[in-house]
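Novice: Turn this into a structure:
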Amino acid sequence: MSISDNLQAIRHRIADAARACGRDPADILLLAVSKTKPDADIIAAYAAGQTAFGENYVQEGCDKAQRLEEAGLALDWHFIGPLQSNKTRQVATWFDWVHSVDREKIAARLSEQRDPHRPPLNLCIQVNVSGETSKSGVAPDEVAALADAIAALPRLALRGLMAIPEPTDDVALQRRRFAHLRQLKDDLNARGHRLDTLSMGMSQDLEAAIAEGATIVRVGTALFGARS
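Specialist: Numbers count the residues shown, from 1 in each chain. This next block holds a predicted model:
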């Protein structure tokens, strides 16, 4: 199947999952995870109507963003991988969103390095909802303090939370992890934040994520095929 066919199939999956839980499919953004994929694949997805793309690696993502901007494509770039403090300037320059903030230091550097003439950089806090020692993300009980710190920084817009739970085929466990992230967002909004984003769910578990309130689902393999 072509990338266009895959994209249509994923959109149908998202729409079916949304309607199954009484949600409007238009409230859910498909983020095409294009890491390790060539420009030609991104252009093919763009031709089929996809405009939001996610990258995990700083140099690769910035190079793609620059090349495709020069080629005239109007794309929204989301950084979704671990971010080191010495790479924040590039991300602040080329990306529209960062989903993987889990330290105040990273947020502060992004704030300092974002061009004040550009729109604020949209941020999500990455939360380690499954407690895996190998996984990035702030612990759930540390989310509130980090959110308060980020909200005070200029040139940033704290939009929501992101999680990558442990892979599992247990749908009940998938939903518990995603429900935990949703509850954390609700708790932050009760404290006065105005978060509107839950970045959660990938190719294998997007139905469970949508049932628990996902507003962004991150899909790579089902769209572009296995990682090259």
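Novice: buried stuff in the worst-scoring helix or strand of the chain on mean pLDDT?
Specialist: The weakest-scoring helix or strand in the chain, judged by mean pLDDT, DSSP states H and E, is helix 221-224 (a mean of 93). Residues of helix 221-224 classed as buried: 222, 223, 224 (neighbour count, 16 or more other CB atoms under 10 Å). To be clear about C-beta, it is placed using only N, CA and C from the backbone, and glycine gets the same treatment.
Novice: Could you save those residues as JSON lines and add columns showing distance to residue 187?
Specialist: Below are those laid out as JSON lines (distance: CB to CB, whole Å):
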{"residue": "222", "distance to residue 187": "32"}
{"residue": "223", "distance to residue 187": "33"}
{"residue": "224", "distance to residue 187": "35"}
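Novice: Looking at these, which one is closest to residue 66?
Specialist: When these are compared for distance to residue 66 (CB to CB), residue 224 wins out at 20.5 Å.
Novice: wait, doesn't the closest one sit right on residue 44?
Specialist: No: Residue 224 is beyond contact range of residue 44, at 9.2 Å (criterion: CB atoms under 8 Å).
Novice: Any idea how many residues pack against the nearest residue to residue 207 once chain neighbours are set aside?
Specialist: Excluding the flanking residues, the one nearest residue 207 by CB to CB, 6 or more residues apart in numbering is residue 17, at 4.3 Å. Using other CB atoms under 10 Å, residue 17 has 21 neighbouring residues.
Novice: Next, residue 17: phi, psi?
Specialist: phi -60, psi -40 (degrees, to the nearest 10).
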